[in-house]
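Enquirer: task: produce atomic coordinates for the following.
(2 chains)
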Protein chains: 2
Amino acid sequence: MDAVKNLDAVDATTSFQVKSFFDSAPLLKDAESISRKLTQFIHQNASLTGSEGPRRVVCVTSGGTTVPLEQRCVRYIDNFSSGHRGATSTEYFLKSGYSVIFLYRRGTWQPYCRSLPDDPLLECFKLTSDSSIQVLESHAEAVKSAISGHHDAVSGGYLLKLPFTTIFEYLQILRLIATSMKILGPNAMFYLAAAVSDFYVPWESMAVHKIQSASGPLDMRLAQVPKMLLVLRKEWAPTAFCVSFKLETDKEILLEKADTALKKYKMHAVVANELSTRKEVVILVTESGKVSVYRENDLSVVESPLIKLLVEKHSTYIMDPNA
Amino acid sequence: MDAVKNLDAVDATTSFQVKSFFDSAPLLKDAESISRKLTQFIHQNASLTGSEGPRRVVCVTSGGTTVPLEQRCVRYIDNFSSGHRGATSTEYFLKSGYSVIFLYRRGTWQPYCRSLPDDPLLECFKLTSDSSIQVLESHAEAVKSAISGHHDAVSGGYLLKLPFTTIFEYLQILRLIATSMKILGPNAMFYLAAAVSDFYVPWESMAVHKIQSASGPLDMRLAQVPKMLLVLRKEWAPTAFCVSFKLETDKEILLEKADTALKKYKMHAVVANELSTRKEVVILVTESGKVSVYRENDLSVVESPLIKLLVEKHSTYIMDPNA
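Expert: Take a look at the predicted model:
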């Protein structure tokens, strides 16, 4: 089967940059254990069939990647992202009958936790006079739904959580996930909500020790991260349905950049966000046009209609991946 | 009273740099509410007297500061710090009868929480069959001591927690704290464990929108953050006992830099850490020499003997601040 239309090979320059990136990246710790978990999770889910055919699996990436500035890392560049989008979307994918591989930045928001305060343990509980632990009435519902939602998804085998910190970890794990998901064919989806660094310091040109501050201003030159979306789409996961994200602070250039991403990286859909309004509205950009997706009211989230729309588009894609 | 010996004024260059830094910094949100909390906390504690004289107050700073690279911040430089040192030290200060102003980076470790897993709510609790929340037996002790330790300190009025994210917030709040603590004279201590950026992008020269990645490598020039330790010591808190920290990855230059900090910034003590061994041993550098402080065993923490030693040095200082 020629599963993919119009998908030329990745150009030689990108191939070279990608190879350099991975060759120079520090080795991923726990690569074996991650691969084992992935294989088990995907095989288990691949054998499940629902009313609408084989169970679908989506890889949701979430939170920002870091770029170390020193090999023994004290300083790094970080991309702002609370991980709220990825965590909330994970809930709606699970609700829609998908299994989810949640590739998240350590310390960012987790699924089912968005109604909790910043520091749930210290803010939601008290000790009673007989020193047993009691949840405060005001937070009881939020705590219960966080614990039960999370527990059902993980112990049911529908949610696999994999953490990352640096861009080196992120891209190495993403490659492992994509390769493992190949057997799912068009039933696989990538929902790439993580805020990935555009620039990095190649590992071999990085200072080994902490950069010293004694001698005036600091000049830094950062290299561009190779365009991994293209490699994901063309080589790692050529049969999967791929959704990427664009976040900009300047509305003017947002849609233009989303359009470019759609064409350049052959994405099936691009979700365009403006930083200041991203919780109320996003624009879904596909080959067939642009649709503004609004949350229904102040109490709901934009991820609810967004995931509904994407699930529909994924269904259409599964019926004819070459359309 | 001439409370401070040999404390010349801050030199003109530093003064100018400090003024530029604060003049160009974005205004601190909630400055009034923070000031109000501080005044109340300090007045309340200033009126308390224990067996060893007036109650002492320490400001513990903890976690790393961020440096935004864009005004509408998507990317920033961060300093690695879990906040473990600051959070654990806070517990030992409280245990030693100090009150603590805990100035911490959002999301870093909190006092009394170090025996908990990364995500305590999702890892320490389960729902029972009648859907009530139950703590897992394996984590019950850790959860209880986190909740009760935290609750006793906060509701007793001995612990005030103030969060920061950027270096602009950190230094503005630190200045507020120092000014408020002046009335405590030598009973005040600063324990500056936060990992503060050495470099920053001055707000007015910062890109307003997200830096675009289309056009090749990124060149950045970062300015040095003015030496605020000197200003803290000489102007903001001239009568307080001041402890700063040096973290290096290279052992060779660590002690040299700790010595320099002691002299240049007139600190009363400098805690020298090497990144790889910082949990087992630190070196306390004072005018009277260097002392290696080791944790007692694998189950204990180095903060226990360290705070004990610092409390002794603070007692000596209180008896004769001009010695």
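Enquirer: show me which positions of stretch A:192-203 end up buried.
Expert: Within stretch A:192-203, the residues that count as buried by 16 or more other Cβ atoms under 10 Å in any protein chain shown are A:192-201. No exception for glycine: its C-beta is placed from N, CA and C like everyone else's.
Enquirer: quick one: the helices in chain A?
Expert: A:12-24, A:31-46, A:84-95, A:120-124, A:140-155, A:167-181, A:228-231, A:251-264, A:303-319 (DSSP state H).
Enquirer: ok and the third one relative to helix A:303-319, angle-wise?
Expert: This points to helix A:84-95. Calculated by axes from the mean of the first three to the mean of the last three Cα atoms, to 10 degrees, helix A:84-95 forms an angle of 60 degrees with helix A:303-319.
Enquirer: and for the fifth one?
Expert: For the pair helix A:140-155 and helix A:303-319, the angle between their directions (the same axes, to 10 degrees) equals 20 degrees.
Enquirer: off-centre distance for helix A:140-155?
Expert: Remark: helix A:140-155 is offset 21 Å from the chain centroid, using Cα atoms, centre = their mean, to the nearest Å.
Enquirer: and stretch A:136-152, which residues are buried?
Expert: For stretch A:136-152, by 16+ other Cβ under 10 Å, it's A:139, A:142-147, A:149-151.
Enquirer: what residues does that stretch touch?
Expert: Identification of contacts with stretch A:136-152 by Cβ atoms under 8 Å, 6 or more residues apart in numbering or on different chains yields A:91, A:110-113, A:115-117, A:120, A:123-126, A:135, A:159, B:121-122, B:125-127, B:131, B:133.
Enquirer: with stretch A:244-253 instead?
Expert: Contacts for stretch A:244-253 (Cβ under 8 Å, 6+ apart): A:85, A:192-193, A:195, A:229, A:254, A:257-258, A:261, A:265, A:267, A:269-276, A:278, B:70, B:72, B:74, B:208-210, B:212.
Enquirer: if we go to 7 Å?
Expert: Contacts of stretch A:244-253 with the rest of the structure, by Cβ atoms under 7 Å, 6 or more residues apart in numbering or on different chains, involve A:192-193, A:195, A:229, A:254, A:257-258, A:261, A:265, A:267, A:270-275, B:72, B:74, B:209-210.
Enquirer: got the residues of the stretch 51-200 of chain A near chain B?
Expert: Neighbours of chain B within the stretch 51-200 of chain A, by Cβ under 7 Å from any Cβ of the partner chain: A:72-80, A:107, A:110, A:119-122, A:125-127, A:131, A:133, A:135, A:143-144, A:146-148, A:150-151, A:198-199.
Enquirer: ditto for the stretch 201-323 of chain A
Expert: So the stretch 201-323 of chain A meets chain B at A:209-210, A:213, A:216-224, A:247-250, A:275 (Cβ under 7 Å from any Cβ).
Enquirer: show me the contacts for residue A:126.
Expert: With Cβ under 7 Å, 6+ apart, residue A:126 has these contacts: A:134, A:136, B:147, B:151.
Enquirer: Throw the residues you listed into JSON lines and include distance to residue A:49, thanks.
Expert: Listed next are the contacts of residue A:126 as JSON lines, based on distance: Cβ to Cβ, whole Å:
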{"residue": "A:134", "distance to residue A:49": "43"}
{"residue": "A:136", "distance to residue A:49": "43"}
{"residue": "B:147", "distance to residue A:49": "45"}
{"residue": "B:151", "distance to residue A:49": "50"}
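Enquirer: flag whichever of the residues you listed scores worst on pLDDT.
Expert: On pLDDT alone, residue A:134 ranks lowest of those, at 89.
Enquirer: surely residue A:201 is in contact with residue A:70?
Expert: No: the pair residue A:201 / residue A:70 is not scored as a contact, 8.7 Å apart, by Cβ atoms under 7 Å.
Enquirer: what bits of the stretch 151-300 of chain A have low per-residue confidence?
Expert: Residues of the stretch 151-300 of chain A that meet the criterion pLDDT under 70 lie in A:207-215.
Enquirer: ranges for the strands of it?
Expert: A:159-164, A:188-192, A:199-200, A:218-224, A:241-248, A:269-274, A:281-286, A:289-294 (DSSP state E, counting those that start in this stretch).
Enquirer: sheet-wise, list the partners of the shortest one with their directions.
Expert: In the sheet containing strand A:199-200, its partner strands are strand A:218-224 (antiparallel), by DSSP bridges.
Enquirer: now the partner strand: how far from the chain's centre is it?
Expert: For strand A:218-224, the distance to the chain centre is 26 Å (Cα atoms, centre = their mean).
Enquirer: who's in contact with the residue nearest the centre of chain A?
Expert: The geometric centre of chain A, computed from its C-alpha atoms, lies nearest to residue A:61 (Cα atoms, centre = their mean), at 1.1 Å. Counting by Cβ under 7 Å, 6+ apart, residue A:61 touches A:86, A:103, A:174, A:192-194.
Enquirer: and residue A:65, by the same measure?
Expert: By Cβ under 7 Å, 6+ apart, the neighbours of residue A:65 are A:79, A:166-167, A:170, A:194, A:196-197.
Enquirer: pLDDT wise, what is it at?
Expert: Note on residue A:65: pLDDT of 96.
Enquirer: how close does the nearest residue to it once chain neighbours are set aside get to chain B?
Expert: Leaving aside its sequence neighbours, residue A:65 sits nearest to residue A:167 (Cβ to Cβ, 6 or more residues apart in numbering or on different chains; 4.0 Å). Residue A:167 sits 12 Å away from chain B, going by Cβ to the nearest Cβ, to the nearest Å.
Enquirer: before we move on, back to that, excluding covalently adjacent residues, which one is nearest to the residue nearest to the centre of chain A?
Expert: Per Cβ to Cβ, 6+ apart, closest to residue A:61 is residue A:194, 3.7 Å.
Enquirer: what sits against that neighbour?
Expert: By Cβ under 7 Å, 6+ apart, the contact list for residue A:194 reads A:61-65, A:86, A:170.
Enquirer: if we can go back for a sec, tell me the one among the buried residues of stretch A:136-152 nearest to residue A:14.
Expert: Nearest to residue A:14 out of these is residue A:150 (Cβ to Cβ; 38.5 Å).
Enquirer: follow-up on the earlier one: what about the residue nearest to residue A:65, neighbour count?
Expert: As a burial measure, residue A:167 scores 26 neighbours (other Cβ atoms under 10 Å in any protein chain shown).
Enquirer: from what I can see it touches residue A:202, true?
Expert: No: counting by Cβ under 7 Å, residue A:167 stays clear of residue A:202, with 11.3 Å between them.
Enquirer: first to last residue in stretch A:40-57, what's the distance?
Expert: Terminal residues of stretch A:40-57 lie 13 Å apart, using Cα to Cα, to the nearest Å.
Enquirer: residues in contact with the residue nearest to residue A:65?
Expert: Counting by Cβ under 7 Å, 6+ apart, the residues that residue A:167 touches are A:65-67, A:196-197, A:200, A:225.
Enquirer: returning to what we had before: just the buried residues of the contacts of stretch A:244-253.
Expert: A:192-193, A:195, A:229, A:254, A:257-258, A:261, A:265, A:267, A:270-275, B:72, B:74, B:210.
Enquirer: thinking again about what came up before, so which of the contacts of residue A:126 is the closest to residue B:188?
Expert: For the contacts of residue A:126, the nearest to residue B:188 is residue B:151 (25.5 Å; Cβ to Cβ).
Enquirer: pick the most buried one from the strands of the stretch 151-300 of chain A.
Expert: strand A:188-192 (a mean of 26; mean count of other Cβ atoms under 10 Å in any protein chain shown).
Enquirer: right, I'll call it a day here.
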